[in-house]
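Asks: using only what follows, build the 3D model:
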Amino acid sequence: MERCVRRLGVFSVFVALLVLSGCRGFKSDRDSGLPPLPPRLDEKEAAAGAAQPQRSMRIAMVGEIRGELEPCGCPTVPYGGFVRRQNYLDQLRGGVAPFFHLDAGEALVKGLSTNSRDDVNDRASLILGLMDEVGVDAFTPGPSDLLALGDDWRARLATANFKSVSATWLDPITNEPLLPASVVLERDGRRLGVIGLSAKPSDPKARDKVKMLDPVEAARAAVASLPEELDLVVALSNLLPADAQRVADEVSGLAALLSTRAGRYDPPKKTDGAPIIETPDRGRYVTVLDVLLGAEGGYPLSLDESSSASLRELERTRLQLRVMAEDSPARAATAARFIALEAELAALAQGRNLLSIQDNPLGREFDDEAAVTAALDAFRGVQIDRAREVVASTPPAGPRYVTAAACTGCHAPQVAYWTYTAHVNALDSLTARESQKNPECVSCHTTGFGEIGGFADLESPTEMARFKGVQCEACHGPLSEHPGGTSGPRPVTEATCLVCHDEANSPDFDYETYLPRARCPSTN
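Replies: Residues are numbered from 1 along each chain as shown. The predicted structure is shown next:
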């Protein structure tokens with residue numbers, strides 16, 4: 001019996017990594033404080049394709065990082081960041097299945113709190129380097145990435161070690177491809193074909209940089225151009241949902257369409273052809289696909305929950321056998337169950353490509369030092385230096401931030417009301433996370449950081465005490481010349497709030513319901 005258990009074969013090679021992807025990286029929704037992820041679908045299986053020798057591989061996917069460098073999520077447990085991502089991926093690479101890391105694009109531009117072209121350019125360069133460092137293999141740039149990289153975007157992408165692919169973007173003048181349509185990634189004897197499907201730019205600044213080819217036409221041509229006998233063929237996409245659905249339904253030869261969430265997060269869904277598998281945004285999760293291939297490379301991956309459950313149970317059983325004592329009374333029964341599961345999966349994988357998916361949160365257990373740490377620290381230093389330069393450029397007679405204390409004399413009821421709002425304690429959440437000196441975070445949790453007439457010294461207890469929290473001037477602008485000067489309080493609009501209450505850090509924000517919580521009593 002023991003000899004049978006030790007002969008794990010290709011199936012145990014595949015499943016040996018399943019628990020690793022969740023043992024440290026996975027937390028329950030109850031533990032995380034996040035809303036539950038959508039359930040996976042339990043779809044009826046399609047008919048089996050032509051049987052092939054069984055092979056395994058693992059794919060880790062991210063998308064819509066949107067410029068986030070640090071753990072992201074003010075109202076919830078903060079997940080994500082490049083340090084955690086690198087530490088987690090290094091664990092995944094320690095397994096035995098061939099491993100590939102894909103990025104579906106929309107990676108380089110942060111939200112409305114990004115204020116200058118210098119910040120956009122430096123952030124884009126940093127993230128390209130970080131993507132190299134964490135081992136991205138293939139990247140499909142999205143429309144916002146064009147904005148971040150500027151006119152020389154192709155040259156800047158070419159400096160990276162990973163492969164940038166897009167079958168949908170053509171040169172608007174010559175109609176020639178701007179990037180390779182696809183790439184074949186090879187590792188440990190496995191060959192993964194990746195087709196890039198970039199979305200159509202809508203911003204006028206990016207629209208003229210590319211000509212958009214119909215994604216169905218582009219995907220069909222890219223599939224036809226790939227070499228034969230690939231182990232797997234996937235599309236890596238940031239297309240809008242309607243276009244992604246068309247490609248999945250109408251293009252044969254794809255095993256799956258791996259996509260950004262495009263403003264929502266749907267469970268993996270079966271189409272008339274390849275399944276669509278989306279990854280959560282902001283880099284808070286890494287979507288891990290464990291694949292056991294028993295059909296040709298372009299045959300759709302299975303979304304059958306029963307086979308996924310069997311794969312997960314097989315790995316749990318294997319781990320139980322590893323830790324069980326040789327003389328344990330339960331060992332024989334556990335070994336028998338392992339052999340039965342292995343036989344069950346062997347039958348299921350005849351002519352079919354089996355799949356198990358996990359969205360693994362990047363929590364604080366991955367906060368160990370990483371190779372990317374030095375680059376992130378250096379970028380924070382650049383941000384602080386830039387904030388100091390802006391503050392130092394304040395004209396001698398220009399408006400300055402004077403803090404809420406200066407407002408009390410004329411607006412005592414309003415200041416008193418403010419002291420009971422959540423804005424007054426905004427810095428506390430950063431202090432609890434030891435992030436109160438992080439320029440990525442502090443601009444939305446203090447007043448006037450890095451602004452003309454504001455402050456920039458995060459090391460000064462006096463400065464931090466004066467400007468901490470979201471004070472009157474965070475919304476109304478610097479008021480040293482009020483009353484009587486040329487610069488009075490600016491009106492508050494929804495755009496004012498969205499600088500900080502963006503989708504990443506305030507996903508439930510609704511202007512009409514949030515405003516009454518912060519609106520001061522009338523001065524009339």
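Asks: how many other residues sit next to residue 377?
Replies: 9 (other C-beta atoms under 10 Å). Quick note: C-beta positions are derived from backbone N, CA and C, even for glycine.
Asks: which residue packs closest to residue 183, ignoring adjacent ones?
Replies: Of all residues not flanking residue 183 in the chain, residue 163 sits nearest, at 4.2 Å (C-beta to C-beta, 6 or more residues apart in numbering).
Asks: who does the one you found bridge with?
Replies: Residues in a beta bridge with residue 163, per DSSP bridges, are residue 138.
Asks: next one: it from residue 139, what distance?
Replies: Taking C-beta to C-beta, to the nearest Å as the measure, residue 163 falls 7 Å from residue 139.
Asks: where along the stretch 251-400 of the chain do the strands fall?
Replies: 256-259, 276-278, 285-295, 353-361 (DSSP state E, counting those that start in this stretch).
Asks: and of these, who's closest to residue 218?
Replies: Nearest of the strands of the stretch 251-400 of the chain to residue 218, taken as C-beta to C-beta: strand 256-259 at 12.9 Å.
Asks: the closest one - what's its average pLDDT?
Replies: On average, the pLDDT along strand 256-259 is 96.
Asks: still on that earlier bit, how about a markdown table for the strands of the stretch 251-400 of the chain, with mean neighbour count and distance to residue 68 added?
Replies: Putting the strands of the stretch 251-400 of the chain into a markdown table (neighbours: other C-beta atoms under 10 Å; distance: least, C-beta to C-beta, whole Å) gives the following:
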| stretch | mean neighbour count | distance to residue 68 |
| --- | --- | --- |
| strand 256-259 | 27 | 19 |
| strand 276-278 | 25 | 17 |
| strand 285-295 | 24 | 12 |
| strand 353-361 | 23 | 14 |
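Asks: wait, which of the ones you listed is closest to residue 308?
Replies: strand 353-361 (4.5 Å).
Asks: got the angle for the closest one vs strand 285-295?
Replies: Counting by axes from the mean of the first three to the mean of the last three C-alpha atoms, to 10 degrees, strand 353-361 lies at 170 degrees to strand 285-295.
Asks: and strand 353-361, what does it pack against?
Replies: Packing partners of strand 353-361 (3 or more C-beta pairs under 8 Å, 6 or more residues apart in numbering; DSSP states H and E): helix 20-23, strand 285-295, helix 305-323.
Asks: okay, that strand in PDB with CA atoms only?
Replies: C-alpha atoms of strand 353-361 as PDB (Å, rounded to 0.1, in the frame of the first residue of the first chain):
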ATOM      1  CA  ASN A 353      -8.500  20.000 -19.400                       C
ATOM      2  CA  LEU A 354      -9.300  20.300 -15.700                       C
ATOM      3  CA  LEU A 355      -9.000  23.500 -13.800                       C
ATOM      4  CA  SER A 356      -8.900  24.700 -10.200                       C
ATOM      5  CA  ILE A 357      -9.100  28.400  -9.500                       C
ATOM      6  CA  GLN A 358      -8.300  30.400  -6.300                       C
ATOM      7  CA  ASP A 359      -8.200  34.200  -5.800                       C
ATOM      8  CA  ASN A 360      -5.600  34.500  -3.100                       C
ATOM      9  CA  PRO A 361      -5.400  37.700  -1.000                       C
END
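Asks: could you report the neighbour count for the residue nearest to residue 71 when sequence neighbours are not counted?
Replies: Leaving aside its chain neighbours, residue 71 sits nearest to residue 78 (3.7 Å; criterion: C-beta to C-beta, 6+ apart). Residues near residue 78, counting by other C-beta under 10 Å, number 22.
Asks: buried set for stretch 163-178?
Replies: By neighbour count with 16 or more other C-beta atoms under 10 Å, stretch 163-178 contains the buried residues 163-170, 177-178.
Asks: may I see these organised as TSV, with distance to residue 410 and secondary structure added?
Replies: Output for the buried residues of stretch 163-178, formatted as TSV (distance: C-beta to C-beta, whole Å; DSSP: H, G, I helix; E, B strand; the rest coil):
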residue	distance to residue 410	secondary structure
163	61	strand
164	57	strand
165	60	coil
166	57	coil
167	62	coil
168	58	coil
169	56	strand
170	61	strand
177	63	strand
178	58	coil
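Asks: residue 205: which of those residues is nearest?
Replies: residue 169 (15.4 Å).
Asks: show me what contacts the closest one?
Replies: The contact partners of residue 169, by C-beta atoms under 8 Å, 6 or more residues apart in numbering, come to 177-179, 198, 210-213.
Asks: mind putting those in CSV, distance to residue 226, pLDDT and secondary structure included?
Replies: CSV is the format used below for those (distance: C-beta to C-beta, whole Å; pLDDT from 0 to 100; DSSP: H, G, I helix; E, B strand; the rest coil):
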residue, distance to residue 226, pLDDT, secondary structure
177, 15, 96, strand
178, 19, 97, coil
179, 16, 98, coil
198, 18, 98, coil
210, 23, 95, coil
211, 23, 96, strand
212, 22, 96, strand
213, 17, 97, coil
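Asks: residue 503: neighbour count?
Replies: 15.
Asks: does it belong to a helix, a strand or coil?
Replies: coil (DSSP: H, G, I helix; E, B strand; the rest coil).
Asks: contacts only, for residue 182.
Replies: 165, 167, 193-196, 222, 225-226.
Asks: show me where pLDDT drops low in the stretch 151-300 of the chain?
Replies: 262-267, 269-271 (pLDDT under 70).
Asks: how about a cut-off of 80?
Replies: In the prediction, the stretch 151-300 of the chain carries residues with pLDDT under 80 at positions 262-272.
Asks: show me where it has its helices.
Replies: 153-158, 204-207, 215-225, 241-250 (DSSP state H, counting those that start in this stretch).
Asks: in a markdown table: those helices, plus mean neighbour count and distance to residue 413.
Replies: Listed next are the helices of the stretch 151-300 of the chain as a markdown table, based on neighbours: other C-beta under 10 Å; distance: least, C-beta to C-beta, whole Å:
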| stretch | mean neighbour count | distance to residue 413 |
| --- | --- | --- |
| helix 153-158 | 16 | 52 |
| helix 204-207 | 13 | 45 |
| helix 215-225 | 19 | 57 |
| helix 241-250 | 19 | 48 |
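Asks: with distance to residue 117 added, can I get the ones you listed in JSON lines?
Replies: Shown next, in JSON lines, are these (distance: least, C-beta to C-beta, whole Å):
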{"stretch": "helix 153-158", "distance to residue 117": "14"}
{"stretch": "helix 204-207", "distance to residue 117": "11"}
{"stretch": "helix 215-225", "distance to residue 117": "31"}
{"stretch": "helix 241-250", "distance to residue 117": "30"}
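Asks: quick one: which of the ones you listed is nearest residue 495?
Replies: helix 204-207 (18.7 Å).
Asks: other SSEs contacting the closest one?
Replies: By 3+ C-beta pairs under 8 Å, 6+ apart, helix 204-207 packs against helix 143-149.
Asks: on that earlier part again, looking at the helices of the stretch 151-300 of the chain, which is closest to residue 469?
Replies: helix 204-207 (35.1 Å).
Asks: got a list of what the residue lying closest to residue 454 once chain neighbours are set aside touches?
Replies: Of all residues beyond its chain neighbours, the one nearest residue 454 is residue 448 (2.8 Å), with distances taken as C-beta to C-beta, 6+ apart. Residue 448 makes contacts with 401, 454-455, 467, 473-474, 478, as judged by C-beta under 8 Å, 6+ apart.
Asks: mind redoing it with 6 Å?
Replies: Residues in contact with residue 448 (C-beta atoms under 6 Å, 6 or more residues apart in numbering) are 401, 454-455, 467.
Asks: list the ones among the residues you listed that fall in helices.
Replies: residue 467 (DSSP state H).
Asks: could I get the CA-only coordinates of stretch 251-265 as CSV?
Replies: C-alpha atoms of stretch 251-265 as CSV (Å, rounded to 0.1, in the frame of the first residue of the first chain):
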residue,chain,number,x,y,z
VAL,A,251,-13.0,32.2,-31.5
SER,A,252,-12.1,28.6,-31.6
GLY,A,253,-8.8,27.3,-30.3
LEU,A,254,-8.7,29.2,-27.0
ALA,A,255,-8.6,27.3,-23.8
ALA,A,256,-9.6,30.4,-21.7
LEU,A,257,-9.9,34.1,-21.9
LEU,A,258,-8.1,35.7,-18.9
SER,A,259,-9.3,39.2,-18.3
THR,A,260,-9.5,42.2,-16.1
ARG,A,261,-12.7,42.8,-14.3
ALA,A,262,-13.6,46.0,-16.3
GLY,A,263,-15.6,47.7,-13.5
ARG,A,264,-17.1,44.6,-11.9
TYR,A,265,-16.1,41.2,-10.7
